[in-house]
Structures are given as C-alpha cells and as structure tokens.
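*Asks:* Mind looking at a prediction? Sequence and model below.
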Amino acid sequence: MYTEEHKSLRGIAIPACPAVLTRLTDELRSPLINSKTIANLISQDVGIAAMVIRTANSPLVGSGRRIASITDAVKMLGFGSLANLVNEALLQNAISTGGGALERFWDSSRYTAVAAKRLAGIVGRVNPDTAYTFGLFHDCGIPLLMQKYPEYKDVLRKCNEDTGHVFTAIEEDAIGTNHAILGYYLARTWGLADAVTLGILTHHDYAQLEDPRNLNSESHRLVAINVLAEYVASTHLRTIQDAEWRKARDAVAICLGYVQTDLDDIADDLIYQFDEALAHHDMQ
C-alpha cells in the first residue's frame, strides 16, 4: 500500500524483530509445544523475564496468585497471555529513550491492550489475544517519532485535542509522516498478522468502519474495538483525551453492531473493573 517506504520512514530506523521473539513464535506454533522449552527460552534474557514477571503481577493481569518465575507464568497464564507479555517487554526494550519519558505511553498501551482483549471477548468475532496485540502495537510509531522529532510532543498534543481533523493528517502536515505508517512497518517487520498490520495502518480512518463492505473484516473490528479500549484506558488513567472517541463513536457502534448506549454501558463496566482492581492492589 505504501510502496515508497523510504519516503514514509524519513530516515527513521525500524527496530528489527528480536531473535527471541522469532524463536518463541516458532515454538508456540509447533504441534509439540512444550512449556519447559518456552520457559527456558524466555528465561535466557534476564531483563525480559523480569519485565514479564513484573507485568504478570500487576493489577491488570489479576491472576490471583503471586507469580515468582517464568515457569509459574506459563502454568498460571497460558501460552497466549504469556506471549502477549513477552511482546510487551520486547517492544519496550526495543523502543526506549533511556528515561521515564515514555512511562505514561506504556501505561496507556498496556491498559488499552487489556481493555481490547476483554472487549473482544464481549463483542466477539475477534481473537482476544489478537486484540491485545493490536492494542499494544497500534501506537508504537509514536515513540519512534518522539525520538526523531523534538517538536513531536507539541504535534501530539495538538492531535489529541483536535476534533475536526484526522489525527494522522495533522502529523503529516507537521512532520511529513505519521505514526500509523511507522507502526505498520514495525508490525510487519516483527511478523505480526496481516489483520493487525493493516489495522494499524488505517486505525485513524474511521469512515472505513461504516462501510458495509468492511463490517466483516477482522482488521476493521480490531480498529473499532481498540478505539473503545483507548477510551476506557484513558478514562481509568485520568488522562481523558476523548477527541478520537468523539470522532469515532458512531462508526464504532455501526461496525460492532451495537447501539451507542450499550457501548457506553460496556465501557463503564470495564472502567469500574480497572478502578476496582487498582484499589484492591493498592490495599495489599
């Protein structure tokens, strides 16, 4: 779709797919999948293993028991959830500014991914683990742009506040490229599913969600679920930037086959679950 790759990237380096992810993907696809092999593979990188365990014990995952090792994580979370946590750790490791500047971004991505997974279980016709992957990767082009352009934070602020223009069009006007294109290339480089990569590329094009020809497309349902998940995450984190939700809410309802009041109820229930999980975790 974007054949002039060098123009879109504008000198921005796309992180290569980590070798451990390639090996893990091969193992997970094997008909002879072995939990011990999976645990040993992840444990070879102490930093990645530590990040996975830390995330597994967060209030979001909520396994109910303390996870002390990768072996515990395999037993208690299952292969799908574990692969999601590894993806998150590897993505953070690959896109790092060497400081805490992206902490808010990663929090938002993590909550969006978890919300997307839960929403997929509610609305159906999308694999929940795929929805999690989409939620985690959909904005991965943003930190790449933050590294490349010092002025991008101001551009991002404008994008988040503007209700009259397409998010990616504002980026294009300001810097000549956008985070959706970069995210698409990263996701493709890392071997993510086509439904995920194409959804990332077009996730701010909400008109596509109202086209009857697209309503059965997995990528479009991923986009619709993710918009609602972002709204849930931002409301829970008290970083409400609902410009995108206001732009997309009618299209999301059409794509998912819900009336708007039902979507609002689903969102409110998830926000309550997140708030309760955090409050319980804080009391422990």
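*Replies:* Looks like it came in fine.
*Asks:* Just the helices from the stretch 51-200 of the chain, written as ranges.
*Replies:* 70-94, 103-123, 128-137, 141-148, 152-161, 167-175, 179-189, 194-201 (DSSP state H, counting those that start in this stretch).
*Asks:* Need these in JSON lines (columns: distance to L209 and mean neighbour count).
*Replies:* (Glycine included, C-beta is placed from N, CA and C.) Formatted as JSON lines, these follow (distance: least, C-beta to C-beta, whole Å; neighbours: other C-beta atoms under 10 Å):
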{"stretch": "helix 70-94", "distance to L209": "25", "mean neighbour count": "20"}
{"stretch": "helix 103-123", "distance to L209": "13", "mean neighbour count": "21"}
{"stretch": "helix 128-137", "distance to L209": "14", "mean neighbour count": "25"}
{"stretch": "helix 141-148", "distance to L209": "21", "mean neighbour count": "21"}
{"stretch": "helix 152-161", "distance to L209": "19", "mean neighbour count": "16"}
{"stretch": "helix 167-175", "distance to L209": "15", "mean neighbour count": "18"}
{"stretch": "helix 179-189", "distance to L209": "15", "mean neighbour count": "23"}
{"stretch": "helix 194-201", "distance to L209": "11", "mean neighbour count": "22"}
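*Asks:* Minimum distance to I266: which of those helices has it?
*Replies:* Nearest of those to I266, taken as C-beta to C-beta: helix 103-123 at 6.1 Å.
*Asks:* angle of that closest one against helix 152-161?
*Replies:* Helix 103-123 and helix 152-161 are oriented at 30 degrees to each other (axes from the mean of the first three to the mean of the last three C-alpha atoms, to 10 degrees).
*Asks:* tell me how far helix 103-123 is from the chain's mean position?
*Replies:* Its chain's C-alpha centre lies 6 Å from the corresponding centre of helix 103-123 when counted by C-alpha atoms, centre = their mean, to the nearest Å.
*Asks:* Same question for stretch 138-158.
*Replies:* The answer for stretch 138-158 is 16 Å, by C-alpha atoms, centre = their mean.
*Asks:* returning to what we had before: worst mean pLDDT among the helices of the stretch 51-200 of the chain?
*Replies:* Of all the helices of the stretch 51-200 of the chain, the minimum mean pLDDT falls on helix 70-94 (a mean of 86).
*Asks:* Right, I'll call it a day here.
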